[in-house]
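S.K.: kindly generate the corresponding structure for this input.
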Amino acid sequence: MNQNSEMTRTLGFIPVLSLVIGTILGTGVFLKAAIMSQYLGNSMWVLIAYVVAGLLSLAGALTYAEIGILFPRAGGEYVYLKEAFGEMPAYLYGWQRFWVSAPGTIAAYAVGTATFAAPILNLDWMGGQKGFAVILIIVFSCLNCLNVQLNGRLASVMTFLKVAMLVFIIGGVIFLSKSGTQENLMASGTAFPGFSAFGAALLAALWAYDGWNNMPMVAGEIKNPSRNIPWGLGLGVLVILGLYALIHYCYFYALPFNEVLTANSKVNPQALPVAAKVAQSFMGPAGVLFLGIAMMFSAIGAMNASILTNARVPYAMAKDGLFATSMAKLHPKTESPYVAILVQAVFSVILAMSGSFDQLTDYVVFASWIFYALVTASVFKFRKTMPDAPRSYKTWGYPVVPVVFLILAVLLLINTLWTSPQESMWGLVIIMAGAPVYYIQKKYFTVLPQRATE
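M.R.: Take a look at the predicted model:
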């Protein structure tokens, strides 16, 4: 076995919490309010959709926390699915993560960053917005080939600054906004837009929360995982839920509903994002520059955290003999899975060059939630098959919380198939394309697994 194939536990509680918050807090909080307003037609239901999405994500995180302390190894959901349901479902998860979710998430953050940078920087010499997105993916993928402890500290600093900027916007609207009124909140009415529209808006909101599942992917590098995994997941999602509720309240408090509705519109690509309009309400023209920089920084931080965590899935699969063995290589000095990171970067670049922001995020969320539901279901199996396993934390509200999560996840997936059939079907096709590859590999190719030394 390669002596450099095992990871070192170097991440403490603050870096773990920062990874949870930093991976979630990216572009969606700044961009999705407009499209959700178009789906729902009034501010009250946009706020409700954000809260529901947050509670749904929290229910998933509370369940993942119990599973995470049972299997504190690199790979996260891949490991849980393999232990619960066997190699085939785990392989399909890793397959879609490798081809869809990981590069799609990274590409969406890069495209979002480029969108924010366009009004501020001259991107023509870098190949426009797509060229700038590609440069970001390459640069930060190379940075993630450095020591994970260094990247954990970087994630902590970037997360602190992102939260501080969001708090600054919230405070500015509440105390300084000249256009803010309670009438803005209720002027659009309160009529329920229907379950189909609410489901589509919920999918958009879930993109803003997506990433809560990423931290367990680096569980093999977390100190004291029985404490830091549940506390990091639960507290991280709670912090995000509170921030998102407050910032969206501020959006509709500071602006008339029509101003939110037409922000970053597909009809008018030059329209300002919602958050930039809100910053203008208390900072004047300087608000656009401030928000552009803040949104760039937020998206870059989330992209960096996604690159760090997602590369651990092909690494874990390669160690089990289910992926190319080169993916399990760790750099002899930095101890990073550098091959997995660089290959992941290639596919991220391809997606960044091919799709729009909303197409990429819908593509990612639908494929991901199929496996979020399966992983959550595994908690019931582990309660039966491992009843005496040490659990420093048990899922809060069990069995109600995971059951509610599963019901809502299934309803969300059905609704997405109905409202976004093209994106959904492509996601399903790519997932199922992994099945013949798995069987061919098992039958005709022998890949010797590199087992971890526990």
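S.K.: wait, residue 92 sits on residue 437?
M.R.: No - the criterion here is CB atoms under 8 Å, and residue 92 misses it with residue 437 at 9.7 Å. (Glycine included, C-beta is placed from N, CA and C.)
S.K.: of those two, who's got more company?
M.R.: More crowded of residue 92 and residue 437, by other CB atoms under 10 Å: residue 92, with 22 against 12.
S.K.: what's near enough to touch the more buried one?
M.R.: Neighbour list for residue 92: 431, 432, 434, 435, 438 [criterion: CB atoms under 8 Å, 6 or more residues apart in numbering].
S.K.: tell me if residue 333 really is in a strand.
M.R.: No - looking at residue 333 with DSSP: H, G, I helix; E, B strand; the rest coil, it is coil, so not inside a strand.
S.K.: can you read off the pLDDT for it?
M.R.: Looking at residue 333, its pLDDT is 83.
S.K.: just give me the residue closest to the centre of the protein.
M.R.: Residue closest to the mean C-alpha point of the chain, counted by CA atoms, centre = their mean, is residue 211 at 2.6 Å.
S.K.: what about the closest residue to it other than its chain neighbours, distance to residue 52?
M.R.: Leaving aside its sequence neighbours, residue 211 sits nearest to residue 23 (CB to CB, 6 or more residues apart in numbering; 3.5 Å). Distance, residue 23 to residue 52, using CB to CB, to the nearest Å: 21 Å.
S.K.: and what of residue 263?
M.R.: Remark: distance between residue 263 and residue 52 (CB to CB) = 22 Å.
S.K.: of these two, which one has the most company?
M.R.: Between residue 263 and residue 52, counted using other CB under 10 Å, residue 263 has the larger neighbour count: 24 against 17.
S.K.: surely the more buried one is within a strand?
M.R.: No - applying three-state DSSP, one finds residue 263 to be coil, outside a strand.
S.K.: now do the same contact list for it.
M.R.: Contacts of residue 263 were listed using CB under 8 Å, 6+ apart, and they are 33, 34, 271, 272, 273, 274, 276, 277.
S.K.: let me know the closest of these to residue 411.
M.R.: Among those, residue 33 lies closest to residue 411 (CB to CB), at 22.9 Å.
S.K.: what's the neighbour count on the closest one?
M.R.: Using other CB under 10 Å, the number of residues around residue 33 comes to 30.
S.K.: let me know the helix or strand that the nearest residue to residue 329 once chain neighbours are set aside is in.
M.R.: Leaving aside its sequence neighbours, residue 329 sits nearest to residue 339 (CB to CB, 6+ apart; 5.0 Å). Residue 339 is located in helix 338-354, with elements delineated by DSSP states H and E.
S.K.: dump the residue contacts of residue 278.
M.R.: The contact partners of residue 278, by CB under 8 Å, 6+ apart, come to 169, 173, 177, 250, 251, 254, 255, 287, 291.
S.K.: any idea how far residue 272 is from it?
M.R.: Using CB to CB, we find residue 278 at a distance of 10 Å from residue 272.
S.K.: and residue 254, by the same measure?
M.R.: From residue 254 to residue 272 the distance is 13 Å (CB to CB).
S.K.: what helices or strands is the helix or strand bottoming out on mean pLDDT in the chain leaning on?
M.R.: Using mean pLDDT, DSSP states H and E, the weakest-scoring helix or strand in the chain turns out to be helix 182-186, at a mean of 72. Contacts defined by 3 or more CB pairs under 8 Å, 6 or more residues apart in numbering; DSSP states H and E place helix 182-186 against helix 43-70, helix 225-254.
S.K.: can you list the buried residues in the first one?
M.R.: Of all the residues in helix 43-70, those buried under the rule 16 or more other CB atoms under 10 Å are 43-50, 52-70.
S.K.: can you count the residues close to residue 195?
M.R.: Residues near residue 195, counting by other CB under 10 Å, number 11.
S.K.: what number of residues lie near the spatially closest residue to it that is not a sequence neighbour?
M.R.: If the residues on either side of it in the chain are set aside, residue 195 comes closest to residue 415, at 7.2 Å by CB to CB, 6+ apart. Using other CB under 10 Å, residue 415 has 19 neighbouring residues.
S.K.: is it correct that residue 80 is in contact with residue 71?
M.R.: Yes - if you go by CB under 8 Å, residue 80 and residue 71 touch, sitting 6.2 Å apart.
S.K.: low-confidence stretches in the stretch 201-350 of the chain?
M.R.: Scanning the stretch 201-350 of the chain with the threshold set as pLDDT under 70 gives 264-271.
S.K.: thinking again about what came up before, contacts for the least confident helix or strand of the chain?
M.R.: Contact with helix 182-186 is made by 43, 44, 249, 252, 253, 254, 255, 256, 257, as judged by CB under 8 Å, 6+ apart.
S.K.: go again with 10 Å.
M.R.: Under the contact criterion CB atoms under 10 Å, 6 or more residues apart in numbering, helix 182-186 has outside partners 42-44, 47, 249, 251-257, 259-260.
S.K.: quick check: the gap between the nearest residue to residue 34 once chain neighbours are set aside and residue 286.
M.R.: In space, and not counting its chain neighbours, residue 34 is closest to residue 263: 4.2 Å by CB to CB, 6+ apart. Separation of residue 263 from residue 286 (CB to CB): 19 Å.
S.K.: same thing with residue 73?
M.R.: Taking CB to CB, one finds residue 73 at 48 Å from residue 286.
S.K.: from residue 432, how far off is residue 37?
M.R.: Residue 37 sits at a distance of 35 Å from residue 432 (criterion: CB to CB).
S.K.: which of these two has more neighbours?
M.R.: residue 37 (25 against 12).
S.K.: C-terminal to the helix holding residue 339, what's the next element?
M.R.: Downstream of helix 338-354, the first helix or strand assigned by DSSP H and E is helix 357-385.
S.K.: report the buried members of the contacts of residue 263.
M.R.: In the contacts of residue 263, burial by neighbour count holds for 33, 34, 271, 272, 273, 274, 276, 277, counting by 16+ other CB under 10 Å.
S.K.: nearest to residue 151, of those?
M.R.: Nearest to residue 151 among the buried ones among the contacts of residue 263 is residue 273, at 28.1 Å by CB to CB.
S.K.: okay, now the unreliable bits of the stretch 51-200 of the chain?
M.R.: 180.
S.K.: and residue 63, what does it touch?
M.R.: 233, 372, 375-380, 395-399, 401-402, 405-406.
S.K.: for residue 61, that is, sorry about that
M.R.: By CB under 10 Å, 6+ apart, the contact set of residue 61 is 20, 24, 68, 209, 212-213, 215-216, 230, 232-238, 240, 405.
S.K.: which members of those residues are classed as buried?
M.R.: When those are checked for burial by 16+ other CB under 10 Å, the buried set is 20, 24, 68, 209, 212-213, 215-216, 230, 232-237, 240, 405.
S.K.: quick one, helices of the stretch 151-300 of the chain?
M.R.: Assigned by DSSP state H, counting those that start in this stretch, the helices in the stretch 151-300 of the chain fall at 182-186, 195-209, 225-254, 257-261, 274-283, 286-310.
S.K.: understood, closing this out.
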